[in-house]
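> Next comes the sequence, and after it the predicted model I'd like to discuss.
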Amino acid sequence: QVQLVESGGGLVQAGGSLRLSCLASGRTFSSPAMDWFRQAAGKERTFVARINWSTGNTYYADSVKGRFTVSRDNAKRTVFLQMSSLKPEDTAVYYCAAVSPSSGEYDYWGQGTRVTVSS
(Lines give C-alpha, C1' and ligand atoms only; values in the text may rest on other atoms or scores of the structure.)
Protein backbone atom coordinates (compact mmCIF):
# COMPACT_ATOMS: atom_id res chain seq x y z
CA GLN A 1 0.00 0.00 0.00
CA VAL A 2 1.10 3.56 -0.67
CA GLN A 3 0.32 6.52 1.55
CA LEU A 4 0.59 10.15 0.55
CA VAL A 5 0.92 12.56 3.43
CA GLU A 6 0.75 16.31 2.94
CA SER A 7 2.11 18.81 5.41
CA GLY A 8 3.01 22.48 5.62
CA GLY A 9 -0.39 24.10 5.52
CA GLY A 10 -1.40 26.89 7.85
CA LEU A 11 -2.53 30.46 8.19
CA VAL A 12 -0.66 33.17 6.31
CA GLN A 13 -1.31 36.78 5.40
CA ALA A 14 -1.90 37.82 1.82
CA GLY A 15 1.40 38.27 0.05
CA GLY A 16 3.07 35.65 2.20
CA SER A 17 4.52 32.26 1.38
CA LEU A 18 4.11 28.64 2.38
CA ARG A 19 5.75 25.44 1.29
CA LEU A 20 3.70 22.27 1.19
CA SER A 21 5.21 18.80 1.17
CA CYS A 22 3.81 15.49 0.01
CA LEU A 23 5.63 12.38 1.20
CA ALA A 24 4.99 9.07 -0.52
CA SER A 25 5.53 6.16 1.84
CA GLY A 26 4.92 2.46 1.69
CA ARG A 27 5.70 0.15 -1.16
CA THR A 28 7.45 1.32 -4.30
CA PHE A 29 5.09 2.64 -6.94
CA SER A 30 5.55 3.54 -10.57
CA SER A 31 3.56 6.74 -10.81
CA PRO A 32 5.01 8.91 -13.58
CA ALA A 33 3.93 12.16 -12.00
CA MET A 34 2.47 13.82 -8.95
CA ASP A 35 -0.25 16.42 -9.04
CA TRP A 36 -1.40 19.03 -6.61
CA PHE A 37 -5.08 19.89 -6.38
CA ARG A 38 -7.00 22.24 -4.16
CA GLN A 39 -10.57 22.49 -2.99
CA ALA A 40 -12.05 25.64 -1.56
CA ALA A 41 -15.12 25.47 0.63
CA GLY A 42 -18.22 24.82 -1.42
CA LYS A 43 -16.28 24.42 -4.65
CA GLU A 44 -14.99 21.57 -6.78
CA ARG A 45 -11.48 20.24 -6.51
CA THR A 46 -9.27 21.86 -9.14
CA PHE A 47 -5.84 21.13 -10.59
CA VAL A 48 -2.96 23.27 -9.36
CA ALA A 49 0.31 21.79 -10.60
CA ARG A 50 2.05 18.67 -11.85
CA ILE A 51 5.61 17.42 -11.79
CA ASN A 52 7.03 14.47 -13.69
CA TRP A 53 9.16 12.28 -11.45
CA SER A 54 11.77 11.40 -14.06
CA THR A 55 12.09 14.55 -16.16
CA GLY A 56 11.13 17.16 -13.62
CA ASN A 57 8.83 18.77 -16.20
CA THR A 58 6.21 20.92 -14.56
CA TYR A 59 2.76 22.21 -15.44
CA TYR A 60 0.63 24.82 -13.71
CA ALA A 61 -2.89 26.09 -13.64
CA ASP A 62 -3.08 29.61 -15.03
CA SER A 63 -4.26 30.89 -11.67
CA VAL A 64 -0.96 30.01 -9.99
CA LYS A 65 1.62 30.47 -12.76
CA GLY A 66 4.45 32.69 -11.66
CA ARG A 67 3.51 32.35 -7.99
CA PHE A 68 3.71 28.63 -7.26
CA THR A 69 6.61 26.29 -7.94
CA VAL A 70 6.43 22.52 -7.79
CA SER A 71 9.58 20.47 -7.21
CA ARG A 72 10.54 16.99 -6.12
CA ASP A 73 13.17 15.04 -4.24
CA ASN A 74 13.18 11.59 -5.79
CA ALA A 75 15.43 10.09 -3.13
CA LYS A 76 13.03 11.19 -0.40
CA ARG A 77 9.94 10.43 -2.49
CA THR A 78 8.68 13.88 -1.68
CA VAL A 79 7.05 16.54 -3.79
CA PHE A 80 6.94 20.17 -2.76
CA LEU A 81 4.69 23.07 -3.62
CA GLN A 82 6.26 26.44 -2.92
CA MET A 83 3.52 29.05 -2.81
CA SER A 84 4.39 32.73 -2.92
CA SER A 85 2.45 35.96 -3.27
CA LEU A 86 -0.49 34.19 -1.73
CA LYS A 87 -3.96 35.62 -2.19
CA PRO A 88 -7.14 35.07 -0.17
CA GLU A 89 -8.52 33.14 -3.14
CA ASP A 90 -5.75 30.57 -2.65
CA THR A 91 -7.47 29.52 0.56
CA ALA A 92 -8.32 25.83 0.21
CA VAL A 93 -7.45 22.32 1.26
CA TYR A 94 -4.51 21.19 -0.86
CA TYR A 95 -4.12 17.57 -1.92
CA CYS A 96 -1.41 15.65 -3.66
CA ALA A 97 -2.24 12.75 -5.95
CA ALA A 98 -0.18 10.08 -7.68
CA VAL A 99 -0.91 9.72 -11.38
CA SER A 100 -1.65 6.18 -12.49
CA PRO A 101 0.89 4.84 -15.02
CA SER A 102 -1.85 2.92 -16.83
CA SER A 103 -4.96 5.05 -16.85
CA GLY A 104 -3.70 8.58 -16.36
CA GLU A 105 -6.15 8.92 -13.51
CA TYR A 106 -5.07 8.85 -9.88
CA ASP A 107 -4.09 5.79 -7.89
CA TYR A 108 -3.51 7.52 -4.56
CA TRP A 109 -4.57 10.69 -2.80
CA GLY A 110 -3.32 12.37 0.32
CA GLN A 111 -5.60 13.47 3.13
CA GLY A 112 -5.07 17.16 2.41
CA THR A 113 -3.54 20.10 4.21
CA ARG A 114 -5.43 23.31 4.83
CA VAL A 115 -4.12 26.66 3.65
CA THR A 116 -5.82 29.84 4.82
CA VAL A 117 -4.77 33.20 3.43
CA SER A 118 -6.04 36.21 5.33
CA SER A 119 -6.55 39.60 3.70
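It's in. Numbering: from 1, shown residues only.
> Apart from its neighbours in sequence, what residue is nearest Ala97?
Tyr106 (4.3 Å; C-beta to C-beta, 6 or more residues apart in numbering). For every residue, glycine as well, the C-beta is placed using N, CA and C.
> Same question for Phe68.
Leaving aside its chain neighbours, Phe68 sits nearest to Met83 (5.1 Å; criterion: C-beta to C-beta, 6+ apart).
> isn't the one you found right up against Ala92?
No. Using C-beta atoms under 8 Å, Met83 is not in contact with Ala92, being 10.8 Å away.
> Now list whatever residues contact both of these two.
By C-beta atoms under 8 Å, 6 or more residues apart in numbering, Met83 and Ala92 have these common neighbours: Val115.
> Quick check on these two: which one has the bigger neighbour count.
Ranked by neighbour count (other C-beta atoms under 10 Å), Met83 and Ala92 place Met83 first, with 27 against 22.
> Who are the contact partners of that one?
Ser17, Leu18, Arg19, Leu20, Val64, Arg67, Phe68, Asp90, Val115.
> who does it bridge with?
As for beta bridges, Met83 partners with Leu18, Phe68 under DSSP bridges.
> Against Ala97, how distant is it?
Distance from Met83 to Ala97, counting by C-beta to C-beta, to the nearest Å: 17 Å.
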